[in-house]
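*Asks:* Build me a model:
(one chain, ligands or ions: 2)
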Amino acid sequence: MSPEPLLEVRGLVKRFGGFRALDGVSFHLASGEVLGLVGPNGSGKTTCINVISGLYAPDGGAVVFEGRSIGGTRSHLLARGGINRTFQSPKPFLSLSVRENVEIAATYGNTGEPVDLPTLLASLELDRHAEHPAGDLNSAQQKTLDLARALATRPRLLLVDELAAGLNPAELGRMADRLRGLADDGMALLVVEHLMGFIDKVTDRVIVMNAGREIFEGTLGEATRDPTVVQVFLGGHVPA
Ligand SMILES: Nc1ncnc2c1ncn2[C@@H]1O[C@H](COP(=O)(O)OP(=O)(O)O)[C@@H](O)[C@H]1O
Ligand SMILES: [Mg+2]
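*Replies:* Numbers count the residues shown, from 1 in each chain. Ligands and ions are numbered 1, 2, ... in the order given. Got it, this is the predicted structure:
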């Protein structure tokens, strides 16, 4: 029997004016599971994370977390309630230090056991930058800081939006191991990423989106053999 899902998304709709960025998306996610969300630019991946994390209220459908309907709940309340996310373009407090950015998240977003922040920063290789202003970090380091900020709130569900972009191959491998490690410790992760090697390493299964709808759910290997996915997402070319 499969475990009770931590997150259930049913028929999710998000409109911008007359345009449906999400047009009836449904999936579920269990604790300890990593679900990849892939698809062409503009297919609705970030919007999906934005709605689940409370940045936008849904225009239709339901988001159920730990058995409670949370659609429309504001993001700072969700952060305290176990859901946090990283941003495709993170916006840390640039003049504050790396340590202070993470402290603020822990202070306002963590209602449980305190997080050992030096250990968290060291685990993300941010310890040597702890006292530097966040504005001194390069974009890949700012994304890692954004992950630290999210983890400082002890999420049970972590939504990750294009974290791997800008990492070098060695950093990519370590980031993939870290995300897997979080799942192995029981966290549920929804991971948006274009780098298929990263998706392959990190995810248990994937959803492929196109134009606000899911067109495939299964393993990445199966997705690359699915004719609709190959046509829509890969433009007819199966990656090597
Ligand atoms: N705040 C917004 N206002 C208007 N349109 C938006 C907004 N956010 C996203 N969209 C539109 O919704 C579609 C999906 O965007 P997005 O979720 O960012 O796609 P993805 O992350 O898959 O690249 C795009 O056409 C985008 O232009
Ligand atoms: Mg996006």
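
*Asks:* residues touching Leu12, list them.
*Replies:* Leu22, Gly24, Val25, Ser26, Cys48, Val51, Pro58, Gly60, Gly61, Ala62, Val63 (C-beta atoms under 8 Å, 6 or more residues apart in numbering). (C-beta placed from N, C-alpha, C; glycine too.)

*Asks:* Touching, the fifth one and Leu37? I think so.
*Replies:* Read that as Cys48. Yes - applying C-beta atoms under 8 Å, one finds Cys48 in contact with Leu37, separated by 6.4 Å.

*Asks:* Identify the residues contacting the nearest residue in space to Gly218 that is not next to it in sequence.
*Replies:* Spatial nearest neighbour of Gly218, excluding adjacent residues (C-beta to C-beta, 6 or more residues apart in numbering): Arg205 at 6.0 Å. Going by C-beta under 8 Å, 6+ apart, Arg205 touches Glu33, Leu35, Gly36, Glu217, Gly218, Thr219, Leu220.

*Asks:* List only those of these flagged as buried.
*Replies:* Among these, those classed as buried by 16 or more other C-beta atoms under 10 Å are Glu33, Leu35, Gly36, Leu220.

*Asks:* Look up the pLDDT of Val238 for me, please.
*Replies:* Note on Val238: pLDDT of 51.

*Asks:* how far away is Asp23 from Leu12?
*Replies:* 9 Å (C-beta to C-beta, to the nearest Å).

*Asks:* before we move on, back to that, among the buried ones among the contacts of Arg205, name the ones in helices.
*Replies:* Taking DSSP state H, the ones among the buried ones among the contacts of Arg205 that sit in helices are Leu220.

*Asks:* Generate JSON lines for the buried ones among the contacts of Arg205, with pLDDT and distance to Thr107 as supplementary columns.
*Replies:* Below are those laid out as JSON lines (pLDDT from 0 to 100; distance: C-beta to C-beta, whole Å):
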{"residue": "Glu33", "pLDDT": "98", "distance to Thr107": "30"}
{"residue": "Leu35", "pLDDT": "98", "distance to Thr107": "30"}
{"residue": "Gly36", "pLDDT": "98", "distance to Thr107": "32"}
{"residue": "Leu220", "pLDDT": "94", "distance to Thr107": "38"}
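
*Asks:* So Tyr108, which state does it fall into?
*Replies:* helix (DSSP: H, G, I helix; E, B strand; the rest coil).

*Asks:* how many neighbours does the residue in the chain positioned nearest to ligand 2 have?
*Replies:* At 3.2 Å from ligand 2, Thr46 is the closest residue in the chain, using C-beta to the ion. The local packing of Thr46 (other C-beta atoms under 10 Å) involves 21 other residues.

*Asks:* Then the one 10 residues further on?
*Replies:* Using other C-beta under 10 Å, the number of residues around Tyr56 comes to 19.

*Asks:* Was I right to think it contacts Cys48?
*Replies:* No - the pair Tyr56 / Cys48 is not scored as a contact, 10.1 Å apart, by C-beta under 8 Å.

*Asks:* No further questions, thank you.
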